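> Sequence first, predicted model second:
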Amino acid sequence: MVKLKDIAEQVGVSVSTVSRVINHDVSRSVNEATRNRILEAAQTLGYRTNKTGKPAKGKRESATAVFHVGCVVAVPQNKYNHPYFSIILEGIERGLSAQGCRLEFIHSMESAADTNRLQQLVKEHSIDGMIVVEGLQAEAYQWIKKNVRAVVGIDIADNEVPVIAYDRVAAAKAAVAHLIAKGHREIGFIGGPGRYGELQKEKRYRGYQYAMEEAGLPIHPEWVINVNWDVSQSYETVKDAMDRAGRHPSAFFAASDMMAIPAMRAVTERKLGIPEDVAFFSVDNIELSQFTSPPLSTIHVPKMEMGMIAAKTLIDYLNRQYTIPVKIWVPYELKLRHSSADQ
């Protein structure tokens, strides 16, 4: 069965971009040349669509005719086609395929217009189940819960629906504790705000804070750097912070690899060595992290598995195999590399 991922790989774009073109989602612009390439690839590979963007009649698997599934992704990370989310989305698609279902659409959220488009997509595709990746605006999320039969969340805070997650607080704490065990006493933090717009309430910051407090180490405000989950801000803000202070911590903990990598460039441009002068530890273990210079120590999060488990869980709930909302914790693993002097 041809999947959105197959089309994305053929054209060289993200799965979410393919989904927008296939489903005629105009909430994000896609240039005409790319749109045509996606449609041509879909036709060549045999992913046939009708005018609404849904698979053509007679091309659905029997289970998909029963359960129509959509996916909504929080936009702050996804708008850059974040590699962390891309793997989760691939896992969702694989998991649904294993159940004989197809992912009808992937939709990202940013404004009220996005909520309106989401409502249209739910109705057009007669959606039975929805997978929500990361926290959404309250109004949109409540509409989903009210109008979709079953909802499963990935890394969301809601005790009323099944949730697949890893322990972000414990993972961050483990990474910072490793830096402390290596002898670091001044450790900075690079990240962004949590669900409620405050960096100090974000789970990975809390893990960093707990590790520092348990070791009796001070947190220096000038080294708590809010880069708003923006790649370019990470580079510029870390560079500016080091220029203002005229000194640097001996290590940085970054809340994601995508925030760590540009910060590493800011450090090396000051002729500082990694890890000799400044060590780095991060979270996510995206594919690129093993190819940075030096390779980046990071927390491996089983992204593919999270997506596949979410898909299987959603189908189980639609089949009424379970009624209570479970929370499934997936394990994390420290990937020790040269950026923390571990290789």
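Arrived safely. On a predicted model such as this, the values are computed, not experimentally measured, just so you know.

> and the residue nearest in space to the middle of the chain, what helix or strand is that in?
Centroid-nearest residue in the chain, with C-alpha atoms, centre = their mean: Phe85, separated by 3.4 Å. Following DSSP states H and E, the helix or strand that holds Phe85 is helix 83-98.

> and that helix, what other elements does it pack with?
helix 4-11, helix 15-22, strand 69-74, helix 75-78, strand 103-109, strand 129-133, helix 257-268, helix 303-318 (3 or more C-beta pairs under 8 Å, 6 or more residues apart in numbering; DSSP states H and E). Using the backbone N, CA and C atoms, a C-beta is placed for each residue, glycine as well.

> would TSV of these with mean neighbour count, distance to Val326 and mean pLDDT be doable?
TSV is the format used below for the helices and strands packed on helix 83-98 (neighbours: other C-beta atoms under 10 Å; distance: least, C-beta to C-beta, whole Å; pLDDT from 0 to 100):
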stretch	mean neighbour count	distance to Val326	mean pLDDT
helix 4-11	20	27	86
helix 15-22	24	27	79
strand 69-74	26	18	90
helix 75-78	20	25	52
strand 103-109	26	22	86
strand 129-133	26	15	95
helix 257-268	22	29	96
helix 303-318	22	7	95
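
> Take these and write them to a markdown table, including distance to Val330.
Below are these laid out as a markdown table (distance: least, C-beta to C-beta, whole Å):
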| stretch | distance to Val330 |
| --- | --- |
| helix 4-11 | 21 |
| helix 15-22 | 21 |
| strand 69-74 | 18 |
| helix 75-78 | 18 |
| strand 103-109 | 20 |
| strand 129-133 | 14 |
| helix 257-268 | 18 |
| helix 303-318 | 6 |
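
> Gly46: which of those is closest?
Closest approach to Gly46 among the helices and strands packed on helix 83-98 (C-beta to C-beta): helix 4-11, 9.4 Å.

> give me the number of residues near Leu336?
Neighbourhood size, Leu336 [other C-beta atoms under 10 Å]: 16.

> Please list all residues in contact with it.
Counting by C-beta atoms under 8 Å, 6 or more residues apart in numbering, Leu336 makes contact with 178, 297, 342-343.

> Now the buried members of the residues you listed.
178, 297, 342 (16 or more other C-beta atoms under 10 Å).

> Show me which of the residues you listed is closest to Met1.
Ser297 (38.4 Å).

> OK, contacts around the nearest residue to that closest one once chain neighbours are set aside?
Spatial nearest neighbour of Ser297, chain neighbours left out: Ser340 (3.9 Å); criterion: C-beta to C-beta, 6 or more residues apart in numbering. With contact set as C-beta under 8 Å, 6+ apart, Ser340 has these partners: 178-179, 182, 251, 275, 279-281, 297.

> Report the helix or strand with the lowest average pLDDT across the protein.
helix 62-66 (a mean of 41; mean pLDDT, DSSP states H and E).

> how about low-confidence regions in the stretch 1-150 of the chain?
24-29, 48-66, 75-81, 110-113 (pLDDT under 70).

> Show me where the stretch 201-343 of the chain has its helices.
Counting by DSSP state H, counting those that start in this stretch, the stretch 201-343 of the chain has helices at residues 203-214, 231-245, 257-268, 303-318.

> Let me have these in TSV, extended by distance to Ser19.
Listed next are the helices of the stretch 201-343 of the chain as TSV, based on distance: least, C-beta to C-beta, whole Å:
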stretch	distance to Ser19
helix 203-214	28
helix 231-245	23
helix 257-268	21
helix 303-318	14
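
> the inter-axis angle of the helix or strand encompassing Leu118 versus strand 129-133?
Assigned by DSSP H and E, Leu118 belongs to helix 112-124. For helix 112-124 against strand 129-133, the angle by axes from the mean of the first three to the mean of the last three C-alpha atoms, to 10 degrees is 150 degrees.
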